[in-house]
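Participant: Build me a model:
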Amino acid sequence: QCVCSRLHALDTDFIWQNLCKQRWQNWPRYKLTPSRLEWMDDNLLLSNWKERFLWAEEDFARTKITREELEELDWSLNFTAIAGGRGVET
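Facilitator: Below is the predicted model of the structure:
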């Protein structure tokens, strides 16, 4: 994808990693925390940060959740009146 063979030889992985960090910083699901980095290393068979960036961009566009993702969610229910519930009645 590079227009110059000399530029193609440059190591740009750190640039892509910084781009990922900036792009994902406000999205808890993708933010580069130590646990997220560990998950990516264990679950994504991608060799560089550019591939991780492209994977994430495609993942952002999804409109459906997988069964595994649904099962891994932490649910918090709030039945207080301020949240629309009826307190102890519910």
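
Participant: Quick one: neighbours of residue 58, just the number.
Facilitator: Neighbour count for residue 58, taken as other CB atoms under 10 Å: 9. Using the backbone N, CA and C atoms, a C-beta is placed for each residue, glycine as well.

Participant: Repeat that for the one 5 residues further on.
Facilitator: In terms of burial, residue 63 registers 4 neighbours under the definition other CB under 10 Å.

Participant: Geometric centre of this protein: which residue is closest?
Facilitator: Nearest residue to the geometric centre of the chain (CA atoms, centre = their mean): residue 30, 2.3 Å.

Participant: didn't that one look like it was pressed against residue 56?
Facilitator: Yes. Counting by CB atoms under 8 Å, residue 56 is a contact partner of residue 30 at 5.8 Å.

Participant: returning to that earlier point: and the residue nearest to the centre of the chain, what pLDDT?
Facilitator: Here, the pLDDT recorded for residue 30 equals 87.

Participant: Who are the contact partners of it?
Facilitator: For residue 30, the contacting residues are 24, 36, 56, 60, by CB atoms under 8 Å, 6 or more residues apart in numbering.

Participant: Among those, name the ones in helices.
Facilitator: Among the contacts of residue 30, the members falling in helices (DSSP state H) are 24, 36, 56, 60.

Participant: Give me the buried entries from the contacts of residue 30.
Facilitator: Buried members of those, counted by 16 or more other CB atoms under 10 Å: 24, 56.
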